[in-house]
Structure formats: structure tokens, C-alpha cells
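A.B. asks: Sequence first, then the predicted structure, then my questions.
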Amino acid sequence: MFPSPASDLFFHNFDVHQAILNLLSSEDALSLCTVVPILRFKAPHFVHRAISNKRVKKGIATKNVELICSSLNSSDITSLNATRLFRARIPFMTFINTLKPNQKVTMLCLDGNTIAAGGARAIAELLEVNSTIKYLELRANGIEPEAAAFLAEGLVRTKTLSFLDLTTNFLGPQGVASLSQALCLNTSIRSLVLSDVCMGADGAQALAQPLRQSKTLRVLKIRDNRIGPDGAIALARALETNSHLEVLDLQRNGIMNEGAVAIANALEVNQTLKNLNLRNNRLGWISAEAFGQTLKVNSTLRVLGLDDNMIKDQGVSILADGLRLNTALQKLDLNTSRMSSVGAMSLLSALDSNQTLRRLDLTGNSDIQRDIVPSVDRHSARVEIFLDRNLTAD
């Protein structure tokens, strides 16, 4: 995530500070409180206090964009946060054009600006000529397939962008397919976030192609996309040959047992994935059984999230059998897995043999009773075990 609002940009000369103060004291229709989302300072602190409680109701005026941009190119600013700042095409284009020759900005956040196809094309052109931007957030911009196609052109051309976040846009399978084709040619993207983009199974299947080919992609997050079992199976097949991806986040995708089993089987072959999140995917004990087998042979997975699924005691006990033989996993999340003390004790018993696990989350399982506390205490020096407060209260 982009740094939180309070200090993205650092101005080091009095002229720029004075220009901002002049803007704040003007009668512009915006009340010039838009300076906060786009600019952050080390000083003067009183500027923060003067505008921190105001809200942006209209887009920033073109004249103010021009003033900010003129200051930008003469500063040492490296991070820009322009969240929900632009409500019109001309100020946005002015801002993007200013960044084309800029060789200092490395992080750019344009969330919530509804950039549409024209804005996406401008960003693509920016990525082609700018050689410093490495981090780009475009969340909640109403980006549809046509705009996604323009962004895809930028991904083909960029040599420096390493992080792209397109969360909560309307890409659909077609938009994801355009981006996927570009990723097959891109050599710089290391982290890609496509959560809540209406991907569906077809989009996941399209994404499987660059997952098979990419030698640079390390992190892929595609939460809330309803990829279902078919989408998960396609990604699993790609994982069998992928040798670079380290983090895969598939939270809330309804992959069910069929999809989870396919991924678990792939991880018996894959030796690079380190972090897998399958939270809230309608999984049952069959999925846990598959991952129990995977844990016996996989030596690279460090973090496994199976929380908020219907694994229950039967699945947890089978998973524990795999944990006994595992030599790599460090964090296991089974929050809200519908287990009782029986399942919890099987995990704690596995810790007698397992020497690598460092964090175990058992919160949200209301059927776990206080009778497991002595076993928890016995392992607490080595493993951080999380329980509901009612079990740990004195």
C-alpha cells in the first residue's frame, strides 16, 4: 500500500512553501484543501493543521495543477499521492504530462480519479518515456476493458515499473486478458495486484499464461474475483512450471475443494512459492487432506492461510500429520476453521516433532476449550500461538 496521508512529498525551499500557503489563503472554489492528498511535507507543520479537517469536494483547478507541477520539477520529490484529486480531464493530463520528463518520482498513487480510457492512454505514454516510476497505484478508477488495453501497451513498453495495483476496477475477463498478454512481454513487473476486478474464471485462465512464462513476477494478489474451481485449476497448472512466484493471494474466490486440491498438488512440484493465502474459499476437510500431503514433501512454503473455511477437526487432524514432517512452514493460519479442542490438540501434538513453525493462529474457533492451555504454554517459548481471549484470560 502507498504510504499513508501525511508526508509523501518533501519540499526543501521557502518559495514552494510560500506558494502553497498562498494557495491555501486564496478563494479558489476548491478551498485548496486538495494540497493535502497530493502533497506531504516535513514542514511547515502548521499547514497540516490548517487543512487536515477539510474534504475535497471538487477536482483541483488547472491553474493549481500547473503551480504544483512547476514546483515539482524543481524539487527532490520522489513520492506523489494524488488520491481522488482530479475530476476533470485537463488537470489530469497536465499533471501526467509534467511527469514525463521527471527523473526523480519513483512512487505514484492515482487512486480514485476515474481516469477512463483517455487517462489510461496518457499513463501508458508516461510509462513509455519515464524511466524512474517503479510503483503505481490505480485503485478504484473505474477502469474498463478499453482503458485496460491502453495500460497494457504501457506495460509492454516500460522497463522500470515493478509494482502495479489495479484493485477495484471493472477490468473483466477481457481487460485481464489484455494485461496478461502484456505481462508475457514485460520484464520489470515484480508485484501485481488485481483484486476485485471482475476477473472470473476466464480472467484467471488468461492470467495463467504469463504466470507460466514470467521470470520476474514475484507477487500476485487477486482477491475477490470469483475465479471458482476452474480459475484455480488453471493457476495451479501454471504453478507446476513457474519457478519465480513467491506470494499468491487468492482470498475470497470460491475455489472450493476442487480448486484447492489442484493448488496443493501443484505445490508438491513447485519449489518457489513461499506465501499462499486461501482464506474464505469454501474449503472443507478434503482441501486440508491435500495440503497435509503437500506439507510432507514441500520444502519452500513459509506461510499458509486456510482461515475462515470449514476444515473442522477432521481436516485439521490430517493437516497436523503433514505438519509433523514439514521442515519449512513458519506461519499457519486456521482462524475460524470450525475446529474444537480435538483439532487444536492434534496441531499442538504435531509441534512436538515440527521444529520450524513460529506462528499458529487458532482464534475464532469457539469450540476450543481451556483444556488445551497447558499444551499451548508448553510450546509458547518457540511458537507464537493465538487463542481467543476467553481462553487466555486469568
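C.D. replies: Great, that's in hand.
A.B. asks: just how off-centre is stretch 364-373 within its chain?
C.D. replies: 32 Å (CA atoms, centre = their mean, to the nearest Å).
A.B. asks: Return it as PDB; C-alpha atoms alone will do.
C.D. replies: The C-alpha coordinates for stretch 364-373 follow below in PDB (Å, rounded to 0.1, in the frame of the first residue of the first chain):
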ATOM      1  CA  GLY A 364     -12.300 -17.600  16.100                       C
ATOM      2  CA  ASN A 365     -12.800 -21.300  16.900                       C
ATOM      3  CA  SER A 366     -15.400 -21.100  19.700                       C
ATOM      4  CA  ASP A 367     -15.400 -24.800  20.400                       C
ATOM      5  CA  ILE A 368     -11.800 -24.800  21.600                       C
ATOM      6  CA  GLN A 369     -11.900 -25.200  25.400                       C
ATOM      7  CA  ARG A 370      -9.400 -24.200  28.100                       C
ATOM      8  CA  ASP A 371      -8.100 -27.700  28.400                       C
ATOM      9  CA  ILE A 372      -5.600 -27.000  25.700                       C
ATOM     10  CA  VAL A 373      -3.900 -24.100  27.500                       C
END
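A.B. asks: Check which residues of it are buried.
C.D. replies: For stretch 364-373, a neighbour-count test (16 or more other CB atoms under 10 Å) marks G364, N365, I368, I372 as buried. Backbone N, C-alpha and C define where each C-beta goes, glycine included.
A.B. asks: Repeat that for stretch 329-342.
C.D. replies: Result for stretch 329-342 [16+ other CB under 10 Å]: buried residues 329, 331-342.
A.B. asks: For the protein, give me the ranges with low pLDDT.
C.D. replies: Applying pLDDT under 70 to the chain flags residues 1-75, 87-90, 390, 392-394.
A.B. asks: quick one: the strands in it?
C.D. replies: Applying DSSP state E to the chain gives strands spanning 79-81, 107-109, 135-137, 163-165, 191-193, 219-221, 247-249, 275-277, 303-305, 331-333, 359-361, 384-386.
A.B. asks: Pipe the buried residues of stretch 329-342 into CSV and attach distance to F163 per row.
C.D. replies: Formatted as CSV, these follow (distance: CB to CB, whole Å):
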residue, distance to F163
L329, 27
K331, 23
L332, 28
D333, 24
L334, 30
N335, 28
T336, 31
S337, 32
R338, 36
M339, 37
S340, 42
S341, 43
V342, 43
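A.B. asks: hang on, V316 packs against S349?
C.D. replies: No - in this structure, V316 is not within contact of S349 by CB atoms under 8 Å, at 11.3 Å.
A.B. asks: Looking at these two, which one has more neighbours?
C.D. replies: V316 (28 against 15; other CB atoms under 10 Å).
A.B. asks: who's in contact with the residue lying closest to the more buried one once chain neighbours are set aside?
C.D. replies: Among residues not flanking V316 along the chain, G343 sits closest, at 3.4 Å (CB to CB, 6 or more residues apart in numbering). Taking CB atoms under 8 Å, 6 or more residues apart in numbering as the contact definition, G343 lies against I311, K312, D313, G315, V316, S317, A320, S337, N365.
A.B. asks: Now with 10 Å, please.
C.D. replies: 288, 311-320, 334, 337, 362, 365, 367-368, 372 (CB atoms under 10 Å, 6 or more residues apart in numbering).
A.B. asks: how near is the closest residue to H244 other than its chain neighbours to L323?
C.D. replies: Ranked by CB to CB, 6+ apart and with sequence neighbours excluded, the top spatial neighbour of H244 is K215, at 5.6 Å. According to CB to CB, to the nearest Å, K215 and L323 sit 32 Å apart.
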